[in-house]
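Asker: need a 3D model of the following:
(one chain, ligands or ions: 1)
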Amino acid sequence: MTVLSATSRAVESFAAPDPFMVRIRDLIYQVAGIFHADNKLRALEERCMRRMQVLAIKTYRDYYDCLTVKSIRQAELVALLNEITIGETCFFRNQPQIDGIRNIVLPKILEQRAKLSLRHLRIWSAGCSTGEEPYTLCMIMLEETATRLKGWTFEILATDLNERSLNHAKNGVYNAYSTRNLPALFREKYFAANGNDLQIDRNVKNYVNFSRLNLTDETKMLFMKGLDMILCCNVLIYFDGASKKRVIQHFYNGLLPHGYLFLGHSESLYGVSEDFRLVHMPSSTAYVKGKRNV
Ligand SMILES: C[S@@+](CC[C@H](N)C(=O)[O-])C[C@H]1O[C@@H](n2cnc3c(N)ncnc32)[C@H](O)[C@@H]1O
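Answerer: Below you'll find the model as predicted:
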């Protein structure tokens, strides 16, 4: 009996995936650039099943119809993308990167920018999840307003595909897990207690403009221009090579000539783009716009 059920489980796990599941996988890739390899299909199936339960749908075929031909298709696609995007993040997630931005990159950008008359910086957190990354950046910038940023203004654009995460970000209330790396100075200066959680200060919120943006939306990406810094950390890991190349090309076009791009700790532009120069900072890296050896 035990042997039989183990065998049937093995057979099940080697069985070809449902063809409509494969179509859903391809649709998600087409819409959001997120690719689920065959060995990740099971995880995608689970996420679809959650939505199918909500809609009382029994087969992947019917669910595929919901995503493609039924009148609810657009809303359902958004709901499915909310399920499948992974929003792991926290405040001060990458301290060496933050130190590099503050002490190395920001002074370089200000030096370049001082040549232009407009003393205003634009920073974009692309794939901001629940907001910890852009709020961290904002607090760092606010810390500099009395010194390096005296006489300057700045804005932070924060975008994500996941509507639920964006609502959380706009609300600005964070639990102990999200704030586990938050230095005491920042906790005291920029947060107020909200039960067991922490609420971000309204002044910080005012600098950060959250909106829904799909990084693979070719039209909307054209509007992301005039940027001094782009952070796109731990987002492109879910993309395949072709989608990564397209997104990075948009970043290149959106950055000002001296602009910097930051990726996650384990990510690089190797094999993706040669249009940026790698900058080594203590325990972290950045990319500056401009071809190597130019
Ligand atoms: C792991 S989180 C990274 C959060 C933050 N950048 C950090 O490093 O802490 C990845 C985020 O990328 C977003 N994402 C995935 N695909 C996207 C797409 N096509 N367009 C915009 N955001 C996307 C997800 O919704 C998720 O919030």
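
Asker: who in the stretch 151-294 of the chain is up against the ligand?
Answerer: 160-162, 165, 214-216, 233-235, 238, 264 (Cβ under 6 Å from any ligand atom). Any C-beta I mention is one placed from the backbone N, CA and C, and that applies to glycine too.

Asker: so E46 sits in a helix?
Answerer: Yes: E46: assigned to a helix according to DSSP: H, G, I helix; E, B strand; the rest coil.

Asker: next, count neighbours for it.
Answerer: By the criterion of other Cβ atoms under 10 Å, E46 has 11 neighbours.

Asker: dump the residue contacts of E132.
Answerer: Counting by Cβ atoms under 8 Å, 6 or more residues apart in numbering, E132 touches 89-91, 93, 174, 178.

Asker: got those as TSV, with neighbour count and secondary structure columns?
Answerer: Formatted as TSV, the contacts of E132 follow (neighbours: other Cβ atoms under 10 Å; DSSP: H, G, I helix; E, B strand; the rest coil):
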residue	neighbour count	secondary structure
T89	19	coil
C90	18	coil
F91	24	coil
R93	18	coil
Y174	24	strand
S178	21	coil
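
Asker: nearest to the ligand among those?
Answerer: T89 (3.2 Å; Cβ to the nearest ligand atom).

Asker: so what's that closest one closest to, chain neighbours aside?
Answerer: S129 (4.3 Å; Cβ to Cβ, 6 or more residues apart in numbering).

Asker: SS state for that neighbour?
Answerer: coil.

Asker: look at it and report its pLDDT.
Answerer: We have a pLDDT of 98 for S129.

Asker: what number of residues lie near it?
Answerer: 26.

Asker: go on, E83?
Answerer: By other Cβ under 10 Å, the residues close to E83 number 16.

Asker: can you pull out the helices in this protein?
Answerer: 2-14, 19-32, 41-55, 60-68, 73-84, 95-100, 106-113, 132-143, 163-171, 184-190, 202-207, 218-221, 241-254 (DSSP state H).

Asker: just to revisit the earlier point, closest to D18 out of the residues of the stretch 151-294 of the chain next to the ligand?
Answerer: Nearest to D18 among those is Y238, at 22.0 Å by Cβ to Cβ.

Asker: tell me the pLDDT at that closest one?
Answerer: With respect to pLDDT, Y238 has a value of 88.

Asker: ok, for it, nearest residue in space, not its chain neighbours?
Answerer: That would be I34: by Cβ to Cβ, 6+ apart, it lies 4.7 Å from Y238.

Asker: L110 now?
Answerer: Nearest to L110 is R148, by Cβ to Cβ, 6+ apart, at 6.3 Å.

Asker: is it true that the one you found touches L106?
Answerer: Yes: R148 is within contact range of L106, at 6.3 Å (criterion: Cβ atoms under 8 Å).

Asker: which one's more surrounded, the two?
Answerer: Neighbour totals were compared for R148 and L106, and L106 leads with 21 against 15 (other Cβ under 10 Å).

Asker: how close does the more buried one get to the ligand?
Answerer: 19 Å (Cβ to the nearest ligand atom, to the nearest Å).

Asker: the residue nearest to Y287 when sequence neighbours are not counted: neighbour count?
Answerer: Distances taken as Cβ to Cβ, 6+ apart put F276 closest to Y287, at 3.7 Å, once the chain neighbours are dropped. If you count neighbours by other Cβ under 10 Å, F276 ends up with 22.

Asker: kindly report the same for the one 5 residues further on.
Answerer: Around M281 there are 15 other residues, counting by other Cβ under 10 Å.

Asker: measure the nearest residue to it once chain neighbours are set aside to I140 for me?
Answerer: Spatial nearest neighbour of M281, excluding adjacent residues (Cβ to Cβ, 6+ apart): G100 at 3.5 Å. Noted for G100: a distance of 11 Å to I140, by Cβ to Cβ, to the nearest Å.

Asker: what about those two, which has more around it?
Answerer: G100 (22 against 16).

Asker: hang on, that one packs against Y287?
Answerer: No: assessed by Cβ under 8 Å, G100 is found out of contact with Y287, at 11.8 Å.

Asker: quick one: low-confidence ranges for the protein?
Answerer: Along the chain, segments meeting pLDDT under 70 span 1-14, 291-294.

Asker: and if we set it to 90?
Answerer: 1-17, 37-40, 69-71, 86, 113-118, 238, 290-294 (pLDDT under 90).
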